[in-house]
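# Test case, fold it:
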Amino acid sequence: MGEVTTIGLDLAKSVFQAHGADASGAVAFRKKLRRDQVLAFFSAQPRCVVAMEACASAHYWAREIATLGMRPG
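Numbering: from 1, shown residues only. Below you'll find the model as predicted:
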């Protein structure tokens, strides 16, 4: 398993799901995060692409995650 290159983030009201994948597409991790854990989690991850669904809060989270050096997609 290599370094995480992509993180998929399923947005929700209180419990988010994060799924990491390496360059070959192999699953690196699956993690449940409470809303207050999301930014701390991403600040500890290597710089990568973060994919998330299009919903009402997606713009907010994209801005917050981009400030950590990630590339929202």
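
# The nearest residue to Val15 once chain neighbours are set aside: helix or strand, and which one exactly?
Leaving aside its chain neighbours, Val15 sits nearest to Lys32 (5.7 Å; criterion: Cβ to Cβ, 6 or more residues apart in numbering). Every C-beta, even on glycine, is put in place using the N, C-alpha and C of the backbone. According to DSSP states H and E, Lys32 maps onto strand 27-34.

# Are there helices or strands packed against the next helix or strand along the chain from that strand, and which ones?
Counting by DSSP H and E, the next helix or strand C-terminal to strand 27-34 is helix 38-43. Applying 3 or more Cβ pairs under 8 Å, 6 or more residues apart in numbering; DSSP states H and E, we find helix 38-43 packed against helix 58-66.

# And the helix it packs on, how far out from the chain middle?
Centroid displacement of helix 58-66 relative to its chain, using Cα atoms, centre = their mean, to the nearest Å, is 10 Å.

# Using CSV, write out every CA atom in that helix.
Taking C-alpha atoms only, helix 58-66 is exported to CSV below (Å, rounded to 0.1, in the frame of the first residue of the first chain):
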residue,chain,number,x,y,z
ALA,A,58,-19.5,21.4,-0.2
HIS,A,59,-18.3,24.9,-0.9
TYR,A,60,-17.6,25.6,2.7
TRP,A,61,-15.6,22.3,3.2
ALA,A,62,-13.7,22.8,-0.1
ARG,A,63,-12.5,26.3,1.1
GLU,A,64,-11.5,25.0,4.5
ILE,A,65,-9.7,21.9,3.2
ALA,A,66,-7.9,24.1,0.5
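
# What is that helix packed up against?
Here helix 58-66 touches helix 38-43, strand 49-52, strand 71-72, going by 3+ Cβ pairs under 8 Å, 6+ apart.

# Tell me which of the ones you listed sits most buried.
Among those, strand 49-52 has the highest mean neighbour count (mean count of other Cβ atoms under 10 Å), at a mean of 18.

# chain center to that one: distance?
Relative to the centre of its chain, strand 49-52 is centred 6 Å away, using Cα atoms, centre = their mean.

# picking that back up, contact partners for the residue nearest to Val15?
15-18 (Cβ atoms under 8 Å, 6 or more residues apart in numbering).

# Perfect, I'm done here.
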